[in-house]
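K.L.:
Next come a sequence and a model predicted from it.
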Amino acid sequence: MTNQNAELSADGGQVRASTLELFFDLVFVFTITQLTHVFTHHPSWQAFGQVALLFGVIWWMYSGYVWLTNEVAPNSSARRTWLLIGMFSFFVLALAIPDAFHGTGIAFGVGYVLVTAVHAALFVSGGGESARRAIKHIGPYNALAAALVLGGGFAHGWLQYACWGLGFAVQVISPYLADTGDFVVRASHFCERHGLVVIVAIGESIVAIGVGLAGVKITPQLIVTVSLALCLAYVLWWAYFGFDDERGEHALAATPARERSRPAVFAYGYALYPLLIGIIMTSAGIQMSIAHGNESISLAAATALSGGVSLYFVAQFFFRAALKLPRPWMRLLAAVAVAATIPIGVVWVAWAQLAALVAVGYLAVIVDDVTTLRTGQHSSYV
């Protein structure tokens with residue numbers, strides 16, 4: 001253990017992710033599954049808005065638990081018990097997602113209040129002095145957001161959207177209203193935990209393949225389509241973990257400790273939000289189209305499939321920009337290129353759109369990687 005890592009461990013935080021945190025992330029798998037179901041059940045812009053809103057308030061506090069375990073290691077029975085209570089609360093949220101706008105909003109709100117309360121209590125009781133100061137700054141805004149989410153659970157129609165939208169808005173602007181410099185960000189653990197969340201979400205796209213093929217006869221054509229869908233999941237994985245995951249950790253670690261929380265919020269809070277929604281929509285597009293590989297598909301399915309990948313690349317643009325990583329503009333070009341494949345599935349067949357999406361997306365990533373390699377940079381995979 002290096003002197004820096006020993007010092008961080010002595011402060012009570014973590015250097016690497018624990019198995020309990022991986023267990024905690026299993027809830028996130030179910031959350032992504034439920035959000036995917038919201039869109040595939042009634043694919044529309046309204047459903048997309050509901051997914052974005054629900055995931056917005058959930059993601060803020062889920063990411064907040066990464067900040068929590070970054071500071072308060074689950075190394076005692078009491079801490080692990082409270083963390084499991086938080087896990088249970090997130091599971092309640094996930095259960096309530098499909099009908100949150102039509103009857104289970106109260107359960108969603110109550111679960112959210114409990115999630116927020118456990119988060120604040122663990123920070124205050126288990127964190128260091130700087131963490132206690134930090135949560136006292138940000139905690140009231142989290143509490144206000146939780147109150148709005150709870151209120152929205154009792155409301156209906158536009159008032160419910162307004163309450164939950166305001167709650168999300170409070171969360172988004174709170175880092176600008178409160179001093180977050182007292183949060184200690186241990187880059188190795190912090191980046192690894194967020195990376196695990198991304199890989200768990202990408203795993204949902206693989207689950208979507210199986211769900212979309214339930215009861216479908218296996219044929220050579222189907223096997224080809226499945227292989228293309230798996231390749232698409234690989235493209236998403238490679239785009240983030242090929243270079244950006246490691247470069248993000250190095251950039252965050254190189255930032256002075258007192259200044260680290262702001263880029264951490266931007267890159268791993270704000271930027272990962274659309275990135276994960278992109279994965280959700282891609283999973284929905286796969287689920288709606290995988291069994292119809294030799295047929296044309298609806299505009300909603302085609303847009304979810306290619307539009308989700310496009311949103312993923314747009315989010316990577318913001319991720320790179322927040323951490324000052326090289327060539328963020330190349331991800332914007334990739335986003336435009338993959339979005340152009342949407343009409344293929346509508347006017348032709350689903351497998352052709354999937355093949356074009358894989359080819360264009362992978363080409364964009366490879367060109368970026370080759371440029372990186374020519375500068376002399378390498379990663380664990382290259």
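P.N.:
Alright, I've got the coordinates. Just so we're clear, the structure is a prediction, and the values are computed from it rather than from any experiment.
K.L.:
pretty sure Val198 is touching Gly278, no?
P.N.:
No. Val198 is not in contact with Gly278 according to C-beta atoms under 8 Å; the separation is 10.7 Å. For the C-beta atoms, the positions are set from N, CA and C on the backbone; glycine is no exception.
K.L.:
So for these two, which residue has more residues nearby?
P.N.:
Gly278 (23 against 20; other C-beta atoms under 10 Å).
K.L.:
okay, which residue is most central for the chain?
P.N.:
Leu276 (3.5 Å; C-alpha atoms, centre = their mean).
K.L.:
mind checking how far the helix or strand containing that residue is from the chain centre?
P.N.:
Using DSSP states H and E, Leu276 maps to helix 272-289. Distance of helix 272-289 from its chain centroid, counting by C-alpha atoms, centre = their mean, to the nearest Å, is 10 Å.
K.L.:
do stretch 352-362 as well
P.N.:
23 Å.
K.L.:
quick one: contacts of it?
P.N.:
Applying C-beta atoms under 8 Å, 6 or more residues apart in numbering, the contact partners of stretch 352-362 are 225, 228-229, 231-232, 235, 238-239, 289, 293, 297, 302, 305-306, 309, 313, 334, 337-338, 340-342, 344-345.
K.L.:
buried stuff in it?
P.N.:
Ala352, Gln353, Leu354, Ala355, Ala356, Leu357, Val358, Val360, Gly361, Tyr362 (16 or more other C-beta atoms under 10 Å).
K.L.:
So which of those residues are in helices?
P.N.:
Judged by DSSP state H, the subset of those located in helices is Ala352, Gln353, Leu354, Ala355, Ala356, Leu357, Val358, Val360, Gly361, Tyr362.
K.L.:
can you give me the strands for the stretch 51-200 of the chain?
P.N.:
Assigned strands in the stretch 51-200 of the chain: none (criterion: DSSP state E, counting those that start in this stretch).
K.L.:
For it, just list every one of the helices.
P.N.:
Remark: helices assigned in the stretch 51-200 of the chain by DSSP state H, counting those that start in this stretch are 77-96, 105-126, 129-154, 157-177, 187-212.
K.L.:
and the very next helix or strand once past the last one, what other elements does it pack with?
P.N.:
To tie it back to what came earlier, the one meant is helix 187-212. Note on helix 187-212: by DSSP H and E, the next helix or strand toward the C-terminus is helix 220-241. Counting by 3 or more C-beta pairs under 8 Å, 6 or more residues apart in numbering; DSSP states H and E, the packing neighbours recorded for helix 220-241 are helix 187-212, helix 272-289, helix 299-323, helix 350-374.
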